[in-house]
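# Have a look at this prediction, sequence included:
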Amino acid sequence: MKTIFCFLIIVLFISCKKDKGELPVYGTLHNLKGFDGCGWVINLDKKEKSGCSALEPTNLSDFNLILLEGARLEFLYTDLKSASVCMVGKVVSIRSIKVLK
């Protein structure tokens, strides 16, 4: 019985992940369209706890942005549980984004 209880407590803590997109995140936009399956990628200023240093946004075309190599960005995002063809970072959906000067 103790084993089952401990297992349930561990599962509860693992399943209650905090959304990493609540605080603004900063990064630099890079165009990797020359590589197979790649497009625009955002290199993060700070690595995440998971060790991830780049994000592969799926919905940049949803925003009224002029995409420029090296543009500095401030944004919010949500992790997507999908596989990446480019394999340089985590696949995400951008919730809000603005270009910094």
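Received the coordinates, thanks. Numbering: from 1, shown residues only.

# longest strand of this protein?
Ranked by residue count and defined by DSSP state E, the top strand of the chain is strand 90-100.

# what's it in contact with?
Contacts to strand 90-100, defined as C-beta atoms under 8 Å, 6 or more residues apart in numbering, come from residues 21, 26, 48, 50, 52, 54-60, 62-63, 65-66, 71-80, 82-84. For the C-beta atoms, the positions are set from N, CA and C on the backbone; glycine is no exception.

# again, but for stretch 61-70
With contacts defined as C-beta under 8 Å, 6+ apart, stretch 61-70 is touched by 28-31, 40, 60, 94, 97, 99.

# can we see that at 6 Å?
Stretch 61-70 is touched from outside by 31, 40, 97, with contacts defined as C-beta atoms under 6 Å, 6 or more residues apart in numbering.

# re earlier: filter the contacts of strand 90-100 down to just the buried residues.
When neighbours are counted using 16 or more other C-beta atoms under 10 Å, these contain these buried positions: 21, 54-58, 60, 65, 71, 73, 75-77, 79.

# Just put those residues in CSV and tack on secondary structure, distance to residue 88 and pLDDT.
As requested, those are arranged in CSV below (DSSP: H, G, I helix; E, B strand; the rest coil; distance: C-beta to C-beta, whole Å; pLDDT from 0 to 100):
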residue, secondary structure, distance to residue 88, pLDDT
21, coil, 19, 42
54, strand, 5, 94
55, strand, 9, 96
56, strand, 7, 96
57, strand, 12, 96
58, coil, 14, 95
60, helix, 15, 95
65, coil, 20, 92
71, coil, 17, 97
73, strand, 16, 97
75, strand, 17, 96
76, strand, 21, 96
77, strand, 16, 94
79, strand, 15, 93
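
# Appreciated, that's everything.
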